[in-house]
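[1] Test case, fold it:
(2 chains)
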Amino acid sequence: MPEAYDPQEIRRQAITPAGSGGPMDLAMDEAETLEKTPGGPEGTGPTGKPRSLWSDAWHQLRRSPIFIVSGLLILFLVIIAIWPQLIASRDPLFCQLSKSQQGMQPGHPFGFDTQGCDVYTRTVYGARASITVGVCATLGAALLGSLLGGFAGFFGGVWDAVLSRIADVFFGIPVVLGGLVFLSVVTSSTVWPVVGFIVLLGWPQIARIARGSVITAKQNDYVQAARALGAGSGRMLLRHVAPNAVAPVIVVATIALGTYISLEATLSFLGVGLRPPTVSWGIDISNAAPQIRNAPHMLLYPAGALSITVLAFIMLGDAVRDALDPKLR
Amino acid sequence: MGRYVIRRLLQMIPVFIGSTFLIFFMVYALGDPVAALFGDKAPDPATAARIRQELHLDEPLWKQYFLYMGQIFQGDFGTAFNGQKVTELMASAYPVTLRLTLVAIVIELIVGIGLGVASGLKRGRVVDNSVLLMTLLVISIPTFVSGYVLQFLLGVKWGIIRPSVSSEAPFSELILPGVVLALVSLAYVTRLTRTSIAENVRADYVRTAIAKGLPRRRVISRHLLRNSLIPVVTFIGADIGFLMGGAIVTEKIFNIHGVGYQIYQGILRNNAPTVVGFVTILVIVFLVANLLVDLLYAVLDPRIRYA
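    Predicted coordinates for the structure are as follows:
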C-alpha cells in the first residue's frame, strides 16, 4: 500500500456516492466489487469456446429467476404505460362526485377516490408518468454522467479536478430540499422539469462510477499496448477503454431507475413534482393520505403499484449486477 | 494529517460557494420578495424602492450573494416572514431535526448491523434470504408511504403511540418518526454489513483466530466485526447529512416543526433568508460530515496514511 493515499478516493470506490442522494445511492455494495474487475474475464462455455463478458452475462441472466420475474413485470409495466387502454377502458379524468370515496363495486375493483374517480383506471394510467420519468431521467443522467465522468477519468489532471468539484457542488445539495426549491419555480405540468431536475442532481453519481472504472480500465496492459502502437486518444477511448468500463455504469443506472421513480413520487407528494391533470401515483397518494382513516383503499392501490414498480427495477439491477460481476460466481 | 485536512478544507470552499450560490440563485428566481412582504396589497412604489435598496435587491445577483454571505459570516441570517430572526427559527428547529436524526442513526446502527451480521454469517441460508428480501421491500416502498401506513396502523388504528408529535418533540415521541426516517438507510446498512461480513468471514485472520481456539463470540465481535465495519461506519457518517435533508418528508407526515418544516414554510411564503439560511447550514453539515468520515477512515484502518 502506498504511503500517500487519498481516503476520499477509497471511500468513493468502496461506497459509491453515499451522500446527498438518499434514494439515489442505492448502489454502494454493488459497484464496489464491479470496479475492481474492470475487464470481463472470459467465461468458458460448455463447448470450451471462450465467451465475452456480455454473452456470459446473458447466459447467466436467462437462468436467473429474479431476472425473469422482474423482466416480465417491467415488460408488462412498459406495455401498459404505452397502451393503458388495453386493460383499463375508462377515462382516468372522468369522475362522479356522487361516488366519492366509495369502496369496491362491480366494474370498479379498486373503488373510488375523493373526487369520485375510478382508482383502478387512475392506477393503470399512473404507470405512464412514472415510467417516462424513470426512463428519461436515467438515460439523461447516464449519458451526461458517463460522458463527463469518462472524460475526467481518461484525461485526468485539471479536467478531472474541475469536473470533480462541479460534481461535488451538485452532491452538496440535499435532493428533496433541492427539488422543493428548484421545482417550486416551475409552473409547467409536463414531466420534463422533473426529468431535468433528476438529471441535474443524478449525473454526478454516474460520473463517479464512470470515472472510477475508466481509470481502472486505462491502466490495463492492453491499453498501454494500444498506446505504444500509436493509437490516438479517440480510438483508445472508444475501442479499448469504454467497452471495458461500461458494465458498472449499466448496473448503477438500472438500480438508479427504480430510485428515480421513487424520487418522482416523493416530489409529487410534496406538491412540486408532476401536477394535475397528469395522472401520477405520487399525486394520488398525496391526495389520499389525509383520508387514510376513512378510505385506506385510495392510498393502498397506487402505493402498491408504485412499490412494485420500484421493486421490479431494483431487482433487475440486482440480477444484472450478479451477472456482470464474475467475482460473485 | 494536518496538510491533508487543510487541502480538504480548501477544496471545500469552491464546493460550498457553488452549492449555496445555486440555491441562492433559484430562491431569488422564486418571485419578488418585496411583493411577498405586502401580501395581496399592491406596495407603494416609493416604499418598495426603499425596501429594495435596504435589502440590496437593486444590485446584481452576484453582488447580492456576496453581501448576503458577508452577513451570514457575521451571524446575521436576516428575518423570516413573521418578523422573527432566522437564527431564532434555527435555534428552535435544528435541535428537533438533530434529535430525529440521532434516533434514526441509533436505529440504523443497532438493527442494521445486527441483521447484517446475522445474514452475512449465514450466507445463502433462510435467514440470509429473508433479510435480503426484506431489505429489497423496504427500499422499494417510498418513505412517505411507509410513514403514512405506520402512522395509521400504530397511531390511529391500534392507538399505541400519538399520531403526531408535539412542538417540544421529546425523544419518546420521535421513535416512530425515527424508524420511518431510518428505514431506507437501514436497508442499505444491512446490505453493506452483510457483504462486508461475508467477504471477511473467509479471511486468514478469522481462520487463525478460530484455530487459536478463541470462543466464537470473541472471534465475531473482536476480529470479524471490527474489520467489517469500516465501510458501514463511513456510510453512516455520510448518511447524517442526507437524513437531515431528507427528514422533510417525515417531518411533514408527523407534523414535526424541524428544519424541513421551516424550509417548506419559507418556500410557501417566498422568504429567501429562511430558505437560503437553513440550506446553507445543511450544506455545511454535509461537507463537514464528509470530511470527518474521511478522517475516521484512517482511525479505523491504520494502514491509511494521509499525505
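
[2] quick one, strands of the stretch 1-150 of chain A?
    Here the stretch 1-150 of chain A has its strands, by DSSP state E, counting those that start in this stretch, at A:43-44, A:50-51.

[3] Can you name the residues that contact A:Ile80?
    Going by Cβ atoms under 8 Å, 6 or more residues apart in numbering or on different chains, A:Ile80 touches A:Leu86, A:Ile87, A:Val124, A:Ala127. Where you see a C-beta, it was placed from the backbone N, CA and C, and this is true even at glycine.

[4] now swap in B:Phe21 and tell me
    Neighbouring residues of B:Phe21 by Cβ under 8 Å, 6+ apart: B:Tyr65.

[5] For the stretch 51-200 of chain A, which residue gets nearest to chain B?
    Proximity of the stretch 51-200 of chain A to chain B (Cβ to the nearest Cβ) peaks at A:Pro174, 2.6 Å away.

[6] Flag the shaky bits of the stretch 101-250 of chain B, pLDDT-wise.
    Within the stretch 101-250 of chain B, the ranges that satisfy pLDDT under 70 run B:163, B:167-169.

[7] before we move on, the earlier item: please narrow the contacts of A:Ile80 to those residing in helices.
    Judged by DSSP state H, the contacts of A:Ile80 include A:Val124, A:Ala127 as members of helices.

[8] Make a PyMOL selection of the buried ones in the contacts of A:Ile80.
    With 16 or more other Cβ atoms under 10 Å in any protein chain shown as the burial test, the buried ones among the contacts of A:Ile80 are selected in PyMOL as follows:
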select buried, chain A and resi 124+127
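
[9] circling back: going by mean pLDDT, which of the strands of the stretch 1-150 of chain A comes out lowest?
    Note on the strands of the stretch 1-150 of chain A: lowest mean pLDDT is at strand A:43-44, with a mean of 43.

[10] quick one, what contacts the most centrally placed residue in chain A?
    The centroid of chain A falls nearest to A:Leu257 when counting by Cα atoms, centre = their mean (1.7 Å). By Cβ under 8 Å, 6+ apart, the residues touching A:Leu257 are A:Gly134, A:Val135, A:Ala137, A:Thr138, A:Phe313, A:Gly317.

[11] try 7 Å this time
    Neighbour list for A:Leu257: A:Gly134, A:Val135, A:Thr138, A:Phe313 [criterion: Cβ atoms under 7 Å, 6 or more residues apart in numbering or on different chains].

[12] In this structure the last one contacts A:Ala256, no?
    No - with the criterion set as Cβ atoms under 7 Å, A:Phe313 and A:Ala256 do not qualify as a contacting pair; they are 8.8 Å apart.

[13] which one of these two has more residues nearby?
    With neighbours defined as other Cβ atoms under 10 Å in any protein chain shown, A:Phe313 and A:Ala256 compare such that A:Ala256 has more, 31 against 27.

[14] Now that one: closest residue in space that isn't a chain neighbour?
    A:Thr138 (5.9 Å; Cβ to Cβ, 6 or more residues apart in numbering or on different chains).

[15] now do A:Met298
    A:Ala288 (3.7 Å).

[16] Any chance you could list what contacts the strand or helix carrying that neighbour?
    A:Ala288 belongs to helix A:281-288 when assigned by DSSP states H and E. Helix A:281-288 is contacted by residues A:113-114, A:122, A:126, A:130, A:264-269, A:273-274, A:276, A:298-299, A:302-303, A:305-306, B:144-145 when judged by Cβ under 7 Å, 6+ apart.

[17] now for the following helix or strand past it, which elements pack on it?
    Once the chain leaves helix A:281-288, the next helix or strand it forms, by DSSP H and E, is helix A:297-324. With contacts taken as 3 or more Cβ pairs under 7 Å, 6 or more residues apart in numbering or on different chains; DSSP states H and E, helix A:297-324 sits against helix A:28-36, helix A:53-62, helix A:65-82, helix A:119-155, helix A:242-269, helix A:281-288, helix B:126-140, helix B:143-150.

[18] Which one of those helices lies nearest to B:Ser92?
    helix B:143-150 (22.7 Å; Cβ to Cβ).

[19] how much does whichever helix or strand comes after the closest one deviate in direction from helix B:126-140?
    Scanning forward in sequence from helix B:143-150 by DSSP H and E, the next helix or strand is helix B:175-200. Helix B:175-200 and helix B:126-140 are oriented at 130 degrees to each other (axes from the mean of the first three to the mean of the last three Cα atoms, to 10 degrees).

[20] packing partners for helix B:175-200?
    By 3+ Cβ pairs under 7 Å, 6+ apart, helix B:175-200 packs against helix A:28-36, helix B:86-107, helix B:113-121, helix B:126-140, helix B:143-150, helix B:225-254.

[21] Tabulate those helices (CSV), appending mean neighbour count and distance to A:Arg211.
    Shown next, in CSV, are those (neighbours: other Cβ atoms under 10 Å in any protein chain shown; distance: least, Cβ to Cβ, whole Å):
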stretch, mean neighbour count, distance to A:Arg211
helix A:28-36, 22, 10
helix B:86-107, 19, 30
helix B:113-121, 22, 28
helix B:126-140, 17, 25
helix B:143-150, 22, 30
helix B:225-254, 23, 18
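
[22] Columns distance to B:Thr274 on top of the ones you listed, output as JSON lines?
    Below are the helices and strands packed on helix B:175-200 laid out as JSON lines (distance: least, Cβ to Cβ, whole Å):
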{"stretch": "helix A:28-36", "distance to B:Thr274": "33"}
{"stretch": "helix B:86-107", "distance to B:Thr274": "6"}
{"stretch": "helix B:113-121", "distance to B:Thr274": "37"}
{"stretch": "helix B:126-140", "distance to B:Thr274": "33"}
{"stretch": "helix B:143-150", "distance to B:Thr274": "23"}
{"stretch": "helix B:225-254", "distance to B:Thr274": "14"}
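
[23] nearest to A:Arg239, of those?
    Between the helices and strands packed on helix B:175-200, helix A:28-36 lies closest to A:Arg239; by Cβ to Cβ that is 21.0 Å.

[24] The closest one - what's its average pLDDT?
    pLDDT averaged over helix A:28-36 gives 43.

[25] relative to its centroid, which residue of chain A is most remote?
    Outermost residue of chain A (Cα atoms, centre = their mean): A:Ser98, 40.2 Å.

[26] Burial check on the residue nearest to it when sequence neighbours are not counted, number of neighbours?
    Nearest residue to A:Ser98, sequence neighbours excluded (Cβ to Cβ, 6+ apart): A:Gly116, at 6.4 Å. Around A:Gly116 there are 15 other residues, counting by other Cβ under 10 Å.

[27] And A:Gly116, how far from A:Gln105?
    12 Å (Cβ to Cβ, to the nearest Å).

[28] Run through the stretch 201-329 of chain A and note the low-pLDDT ranges.
    A:326-329.

[29] Get me the contact residues on it for chain B.
    A:258, A:262, A:265-266, A:269, A:285, A:289, A:292-293, A:299, A:303, A:306-307, A:310-311, A:314-315 (Cβ under 7 Å from any Cβ of the partner chain).

[30] how close does whichever residue of chain B sits closest to chain A sit to A:Gly179?
    At 2.6 Å from chain A, B:Gly245 is the closest residue in chain B, using Cβ to the nearest Cβ. Counting by Cβ to Cβ, the gap from B:Gly245 to A:Gly179 is 10 Å.

[31] next one: B:Ala203
    42 Å.

[32] Please say which of those two ends up with more neighbours.
    In terms of neighbours (other Cβ under 10 Å), A:Gly179 is the more surrounded of B:Ala203 and A:Gly179; the figures are 23 against 14.

[33] which residue sits closest to the more buried one, ignoring its sequence neighbours?
    A:Leu267 (4.8 Å).

[34] How many neighbouring residues does that neighbour have?
    25.

[35] How about the contacts made by it?
    If you count contacts by Cβ under 7 Å, 6+ apart, then A:Leu267 has A:Gly179, A:Leu183, A:Val194, A:Gly273, A:Gly282 around it.
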